[in-house]
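K.L.:
How does the following fold in three dimensions:
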Amino acid sequence: MLKRLCSRAHRTALTVAVSVAASAALGFALISRWDELKTGVTGAPVAIAAAAVGLQVLALVSRSEAWHQCVRAGGGTVGRRKLFQASSMGFVGGLLHTQLGTAARIATLRRSAPEASPRVPALIGAELPIMIVEASLAALTSFTLVGPLGLPWWTPLVAFAAVACVTVALRSVAAAGVRWLRSGLAVMRTLDGRTRLVGFVLIAVVAQILRNWLLLHAVGIDASLFDAIAVLIAVVTLGQLPFGLSVGAAASVLILGPHGVTAAAAAGVLLTATGTVGGLSFAAWGALDMLLSRACVTEGARRRWSGLVQWPGPARWPRADVVAFSAHLGRGIERACFDLVGHLQVGPMLLPAYGPGAR
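P.N.:
Coordinates of the predicted model:
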């Protein structure tokens, strides 16, 4: 057990080190053009950057809902709120590497809802349907890489055939009796499940494509939607490698280098920055929501509310009749004043004026 933990810690440390090294290497390569890069990044309109952040949040929420569909189809009973909380935590690990994000997401869900969520192997299997749909979409649109990378024209056909073969193989293995894989792919056995899965993944992918297109135009690159798709495929592909936060700039330079290395790098920096802000916003919501939903916090809030309800006033606060409450408060103040007057031994002179015989 100790050996396994040490090995895992070593792999994590190696991933972090390589990510930092890759980011430093890319920064060193662009340091001679720092002024141009700074102008390109800071020249983007604030409204465009805000729209890009919003599109990133939309993509994360849509992908989280796709994961929710997969987990529920696999036998999980966890609610959407718990699952979205776990999904938001996965982004923090994903800043360094995609696999770290997946591990963080699964670990958070198992820790927050151990009874309502499937076991770890089934949760790993629940990632596969989303990956299959994303890979299929990437293969269908991989023709956008042919021109920028000089690939053969038949590359998209080979890519789509490879994805189809892997999908058939996985479904065959699941049908053979591998329980965790069968549970993970359960969402693909019904038409409604497949429709929902593809729909939510499409929303996430389209949001990312629009974000790329907006930011490419913001730095002055006359990019088409095909260019935005190619950048997205490159970002996802390079994200499997330990590029860390430099993956956006690396992908943009790889695809759009002929349009100008500095402009492409500026677009990549904006992609990383807006993606990070959107992801951290989602993660901040998840962390705050987990904190507020804890039993101790909920119980403390309930006690404070009970104390407020017991404060002198109508029983159904705050839906009370304001007039009745004001009258009740006035009588209390009047009684307190008369008690004070009586205590000062001035009452015998004043109080008769308020008695029944007063005219």
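K.L.:
any idea how far residue 206 is from the closest residue to residue 202 other than its chain neighbours?
P.N.:
The shortest distance from residue 202 to any non-neighbouring residue, by Cβ to Cβ, 6 or more residues apart in numbering, is to residue 137 (7.6 Å). For glycine as for every other residue, the C-beta is placed from the backbone atoms N, C-alpha and C. Remark: distance between residue 137 and residue 206 (Cβ to Cβ, to the nearest Å) = 10 Å.
K.L.:
Give me the more crowded residue out of those two.
P.N.:
Each of residue 137 and residue 206 has its neighbours counted (other Cβ atoms under 10 Å); residue 137 has more, 19 against 15.
K.L.:
Using the three-state scheme, assign that one.
P.N.:
helix (DSSP: H, G, I helix; E, B strand; the rest coil).
K.L.:
residues in contact with it?
P.N.:
Residues counted as contacts of residue 137 (Cβ atoms under 8 Å, 6 or more residues apart in numbering) are 201-202, 205.
K.L.:
Among those residues, which one has the most neighbours?
P.N.:
Neighbour tally across these (other Cβ under 10 Å): the maximum, 25 neighbours, falls on residue 201.
K.L.:
residues of the lengthiest helix in the chain that come out buried?
P.N.:
Counting by DSSP state H, the longest helix found in the chain is helix 261-292. Within helix 261-292, the residues scored as buried using 16 or more other Cβ atoms under 10 Å are 261-279, 281-283, 286, 290.
K.L.:
Quick one: mean pLDDT over that helix.
P.N.:
On average, the pLDDT along helix 261-292 is 88.
K.L.:
and the gap between residue 93 and residue 45?
P.N.:
31 Å.
K.L.:
Among those two, which residue is more densely surrounded?
P.N.:
residue 93 (19 against 10).
K.L.:
From residue 101, how far out is that one?
P.N.:
Taking Cβ to Cβ, one finds residue 93 at 4 Å from residue 101.
K.L.:
Overlap in contacts, the two.
P.N.:
Counting by Cβ under 8 Å, 6+ apart, nothing touches both residue 93 and residue 101.
K.L.:
Per the annotation, how does the protein divide into domains?
P.N.:
Domain assignment for the chain by automatic domain parsing gives 2-293, 309-354.
K.L.:
what bits of the stretch 1-150 of the chain have low per-residue confidence?
P.N.:
For the stretch 1-150 of the chain, the stretches flagged by pLDDT under 70 are 1-41.
K.L.:
For residue 141, which residues are in contact?
P.N.:
156, 229, 233.
K.L.:
of all those, which comes closest to residue 54?
P.N.:
residue 229 (19.9 Å; Cβ to Cβ).
K.L.:
Name the helix or strand for the nearest residue to residue 153 once chain neighbours are set aside, please.
P.N.:
Closest residue to residue 153 apart from its sequence neighbours, by Cβ to Cβ, 6+ apart: residue 146 at 6.1 Å. Of the helices and strands defined by DSSP states H and E, residue 146 is found in helix 146-149.
K.L.:
what's the answer for residue 228, then?
P.N.:
helix 225-238.
K.L.:
could I have that helix exported to PDB, CA atoms only?
P.N.:
Extracted in PDB, the C-alpha atoms of helix 225-238 (Å, rounded to 0.1, in the frame of the first residue of the first chain):
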ATOM      1  CA  LEU A 225     -15.100  28.300 -37.700                       C
ATOM      2  CA  PHE A 226     -13.000  25.500 -39.200                       C
ATOM      3  CA  ASP A 227      -9.900  27.100 -37.700                       C
ATOM      4  CA  ALA A 228     -11.600  27.300 -34.300                       C
ATOM      5  CA  ILE A 229     -12.500  23.600 -34.600                       C
ATOM      6  CA  ALA A 230      -8.900  22.700 -35.500                       C
ATOM      7  CA  VAL A 231      -7.600  24.600 -32.400                       C
ATOM      8  CA  LEU A 232     -10.100  22.800 -30.200                       C
ATOM      9  CA  ILE A 233      -9.000  19.400 -31.500                       C
ATOM     10  CA  ALA A 234      -5.300  20.400 -31.000                       C
ATOM     11  CA  VAL A 235      -6.100  21.700 -27.400                       C
ATOM     12  CA  VAL A 236      -7.800  18.400 -26.500                       C
ATOM     13  CA  THR A 237      -5.100  16.300 -28.100                       C
ATOM     14  CA  LEU A 238      -2.200  18.200 -26.500                       C
END
